[in-house]
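*Asks:* Just the structure for this:
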Amino acid sequence: MLMATRVLCRRVRSFHGWRKSLTQAQHIHTKLKEEISDQEENKNVSEPQGPSFRGEYRLHYNPSSYYHFTRNSANSRSQMDNYEVEQFFSAQVPSFWQQSNHYSVSCSRHLSSSKNTLLDLALNKASETEAPSALSYNRKPVTPDVKVDTRAFLKCRPEYTSLSLDLTQRPQPVEWVDVLPVLKKVAVLKGRMKPSDVSQFIMELSKLHPDKMPLLRSDQRFIMLLRYSVEHLRIFSELQLLEVLQSFVWLEVPSSHTVLEVYEAELSRRAKQLTLHQLLLVADLWRCVRRQVPQFLLRLYESVHLYVGQIGVPELVQLLYIIGESRHCPKDLIRPVEQLLMRHLAQLHPEEVGIVCLGLFKAQTSLSEGAVTRVVDRALALVTEMGDFAMVNVLKYLRFSYLFHRTWLEAMGKEVPQRAHRMGVQGLMHVTLTCSALHYRNDSILTSVAERVPSLVPHCRSKDSSKLLWAFGTLGFPPVQSPGFYPSLTDGLRQRKAEFQRYPEHLLTGLLGLAFVSHFPEDLITLALSPEFVYLALRNSQLELKKDLFTLDAAVALELPQWKGPRLSDELREEVVEMLWKFLQSDVCLKPEVLEAELALQDLLGGDKFVCKRMILPHTRSIDLEVHLDSNGQPIPVNLLCPKQNPTMVPCAQSWEQINSGVTITDNLLAQLIKGKNTTDSSSSSVRVTPTPRQRLPPDEGGRLFDSVLDLTNDMIETLTKPSSRDCTPQDSVHQGFKGPVKIAVQISSRNHYCTQSQQLLGLHAMKRRHLKMTGYRVVELSHREWSSVLRKSRAEKLAYLHCRIYDSL
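*Replies:* Presented below is the predicted three-dimensional model:
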C-alpha cells in the first residue's frame, strides 16, 4: 500500500511537470508563429546555438521540448518561411544607378527589427479614443490569404531529388498501434541495439501519423532511442546518418533540441567524406528542420571550391538557395558563384531564376552590375512563364542592387496589373517597395495594388501595412485615386497595435508615409508621440528612430495647428537638430554645387550678409539658401539667422571657370536670359516629362554669352550684381505680386528628389515644399539639370541665371 501511494504521488508530480512543460512549449510555438523579425532572420549564422561540444558528446533530456510544433495538415511544412527578409534602403548596398542624396539626410533607414524588450505600454487603454474603422463600413467577406510554395523550383528538374527533400512526399502515415511493436523492441533491446537497428527504428517511427507525434515524442522509449542514436553516432554510416536526419524532419524534432547539435558536429566532422550531392542534401535537411548550422555550412562552402567543375545548373541553384536561407555568403565564394551563374544562366528555368535572385537577396550578396543586368535580362525573357513568387524575387534583388532596369520595370507595368488580383499582400508589398526604392512611379502598378490591398488587410502584418504606406506615400500616390487604400491600411495598423511593442519602427514608418500625403490619424499619432512609446523607440540602439520621431512631430505641429496631443520634449528636438546640422556641415554643405550657388548669390545680392545657408525646416533633413527681399526687391540682411558653422572651403583642384569647356543650355534658360522672365507656364512645365530641346554652345569668347544674341557688357554685369540699383517703384512691386518682405528658399535639387523620368517630387521632398509654403516661403529651385550646366560657365552667366530665377519668382 505504501509503495502504491509513492508511485501515485510520483505520477501526480510528473503530471504537473508535464503540464508545465507543455504550457511552456506551446508558448514557444506561439512565439515561433509570430512575425519573424528581419534582424533575427539576418542574424549572423556563425553564432553558436547552445553549449559547444569539445571532445565527447552530451545529450540533455527535456521531453517538453518536443511540443514546440503542432500540425495543421500533413503537408503544412511545405509552406516554409513565408516571411522573407527585407532591408530596404541599406546603407551598405553598392549603388549602380541611384546615387546618394547630396542635399538632404536620407529619410530611409533599416526597417529590420532587433531584439526589442517588451514593455508594458498602455496600447489598449479603455480611455483611448479610437478612430472609426475603415473596414466597419460596407464590410466585405475576408479574402483568404494567398499561400506561396517557396520550394516550387525543385519541380523544375528530376536532379533535385538527390539534392533536396520533397516535403510534399511524406511517408505513408501509420497509426499508433503500428509503432508500438517498435517501441517495445527499443525497451527490450536497450544497449544491445546495433547502429542499423537504431536507424531503422527511427525511420519506422517517423512514419507515424502527424497527429500522434506529440504522443511519441513524450514517450520514454523514444527518448531512450535518441540517446542510443547519439551513442552510435560515430559508427553510423553516411547513409544511415542521412536517413536519421531525414527522419528528424518527419518527426518534427524541435530545432533547438540538443540532439541536433550533436548531429551537426558529427556531420561537420565528416564533411570531407561526403559527396557534393550529399553535402547539399544535408544542408537542405537542416533547412527543413529549421536549424541554423553555421559549422556545417562552413564545411560545405569550403568544399564548393573543390567541386567547381562538377557544379551544374541544379547544384548551383540549390547552393544559392542554401546560401539565401543561411543569410550568409562567404566573400571568397562570391566570385566563383558569379562565374558559374553567368556560365549556366541561359539554361535556367523561370522559377530557378527567381530562387537565384531570392538567395542573393537574402544573403545580401552583391554581384557586378553587368552580372545583375544579365540575370534580369534572363528573367525578362521568361517573365510571362514566371510564377508570382519568382517575379517578386527578381524585384527584391533589383531593390537590393539599386539597379534601374527600365525594360523590366516597364514589363512590370503590364504584368502586375494582370496578376495583382491573385497575389498575396507580401508579394504586393515587395512590388511597391521596389518601385519606391528605385523612384519608379507607374500608376498602373500602384492602382492595381491599391485596389487589391483593402481586401487583404486582415492578413497584413504591421510590417506589410507600414511599408505599403511608406512606398505609396514616397511615390506620391494621391488618396483620391483609390479612396479606400489609405484608410484600410491605417485601420490595419490599428488592428496590429500589439506588434508595435516589439516593432516600434513599423508605426513610425507607416505614419511618415501617411504624412507625405497629408494624412494624420490622430489616435495613432497620439500613440506614436506618447512618452511611453518614445521611450520604447529610443531604447532600440540598433535603429535610429529619433529622426523619424522628430520629422513626425514637426509635421504634426505644422499641419495640425489645433493639435493638443503629446509632443516631443524640447531637449530631444534640440538633440536631433544638432545631430542633423553636424552631418550637413560635414557633407551637404561642402558640395561644390552648393558652395558655388552660395557664392554666386552673395555676389548677386551684394555680400554674404544677404544669404543664409541653413536648415529652414530641420525636420526635412536638408539645407536651403535663404534670401529676403523687401517690397522694392532689394535684399535684406539675413546673417543673424545663420547658425554657427565650421569654416568651409571651395574645392581648390580647379575653379569652375578653369573647366569651362562648353555647356548645354535649355531653351527655357535661353529665353529667361534674353527676355528676363519665364516664357513657359510654370504649372505646365512642372508636369512635363519629355526632355527640353537643347543646343550645344562653344566656350565663351570675348565675353559673349550666346552667338549673335546677347553681349554681357560690364554695365549689365554691374546691374546684375547690384540689384539695389534697380529702379523699382512701389507700384511696380504691387504689379509684380508682392507688397511686403519676401522670404525665398533657394533649393539646389538632385535627381534623387524626383521620381524617375518625372517631375513628381518624392514624398519627403513634396512634404518639404508644402511646409515651406505653409511657413511663408517662396521656393526657387536650381534644378540639377540646369544648374550643373551653368556651373561650367562664366561668373557672369551664373549671375544672369540666378538673377532670372530669383526675381522671376516674385
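*Asks:* doesn't Leu395 make contact with Val431?
*Replies:* Yes - Val431 is within contact range of Leu395, at 6.0 Å (criterion: Cβ atoms under 8 Å). C-betas here are computed from N, CA, C, even on glycine.
*Asks:* Find residues that contact each of those two.
*Replies:* Met412 (Cβ atoms under 8 Å, 6 or more residues apart in numbering).
*Asks:* Show me the shaky parts of the stretch 1-150 of the chain.
*Replies:* The stretch 1-150 of the chain contains residues with pLDDT under 70 at 1-144.
*Asks:* what about 50?
*Replies:* 1-140 (pLDDT under 50).
*Asks:* same thing with the chain?
*Replies:* Low-confidence segments of the chain (pLDDT under 50): 1-140, 646-665, 669-670, 673-713, 715-716, 719-736.
*Asks:* what about the strands in it?
*Replies:* Listed from the start of the chain, the chain has strands (DSSP state E) covering 612-614, 624-629, 635-636, 663-666, 694-697, 704-706, 710-711, 742-748, 777-782.
*Asks:* So what are the sheet partners of the longest one and their directions?
*Replies:* Pointing back at strand 742-748 there. In the sheet, strand 742-748 lines up against strand 624-629 (antiparallel), strand 777-782 (parallel) (DSSP bridges).
*Asks:* tell me the contacts of Lys190?
*Replies:* By Cβ under 8 Å, 6+ apart, the residues touching Lys190 are Met224, Tyr228.
*Asks:* switch the cut-off to 6 Å
*Replies:* Lys190 makes contact with no residue under the criterion Cβ atoms under 6 Å, 6 or more residues apart in numbering.
*Asks:* what about stretch 261-275, how long is it end to end?
*Replies:* End-to-end span of stretch 261-275 (Cα to Cα, to the nearest Å): 22 Å.
*Asks:* Could you save the strands paired with strand 742-748 as JSON lines and add columns showing distance to Gly413?
*Replies:* Compiled in JSON lines, those are given as follows (distance: least, Cβ to Cβ, whole Å):
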{"stretch": "strand 624-629", "distance to Gly413": "35"}
{"stretch": "strand 777-782", "distance to Gly413": "29"}
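*Asks:* Mean neighbour count, the ones you listed: which tops it?
*Replies:* The highest mean neighbour count among those, using mean count of other Cβ atoms under 10 Å, belongs to strand 624-629: a mean of 22.
*Asks:* Helices of the stretch 701-810 of the chain, residue ranges please.
*Replies:* Secondary structure of the stretch 701-810 of the chain by DSSP state H, counting those that start in this stretch: the helices cover 714-721, 730-736, 763-774, 784-790, 795-807.
*Asks:* show me the contacts for the spatially closest residue to Gly324 that is not a sequence neighbour.
*Replies:* Nearest residue to Gly324, sequence neighbours excluded (Cβ to Cβ, 6 or more residues apart in numbering): Gly359, at 3.1 Å. Contact analysis of Gly359 by Cβ under 6 Å, 6+ apart lists Leu320, Tyr321, Ile323, Gly324.
*Asks:* what's the spacing between Gly359 and Ile311?
*Replies:* Applying Cβ to Cβ, to the nearest Å, the value for Gly359 to Ile311 is 14 Å.
*Asks:* again, but for Lys190
*Replies:* Counting by Cβ to Cβ, the gap from Lys190 to Ile311 is 45 Å.
*Asks:* again with Leu772
*Replies:* For Leu772 relative to Ile311 (Cβ to Cβ), the value is 57 Å.
*Asks:* just Val453 next, same as before
*Replies:* 41 Å.
*Asks:* So these two - more neighbours on which side?
*Replies:* Val453 (25 against 19; other Cβ atoms under 10 Å).
*Asks:* all helices of the stretch 551-700 of the chain, in order?
*Replies:* 570-586, 592-605, 667-675, 682-685.
*Asks:* got the buried residues for the first one?
*Replies:* Pointing back at helix 570-586 there. Residues Leu572, Arg573, Val576, Val577, Met579, Leu580, Trp581, Leu584, Gln585 are the ones in helix 570-586 that count as buried (16 or more other Cβ atoms under 10 Å).
*Asks:* Likewise for stretch 169-186?
*Replies:* Arg170, Val179, Val182, Leu183, Lys185, Val186.
*Asks:* what does stretch 803-810 give?
*Replies:* His803, Cys804, Arg805, Ile806, Tyr807, Ser809.
*Asks:* before we move on, what about stretch 245-257?
*Replies:* Leu245, Gln246, Ser247, Phe248, Val249, Trp250, Leu251, Glu252, Val253, Pro254, Ser255, His257.
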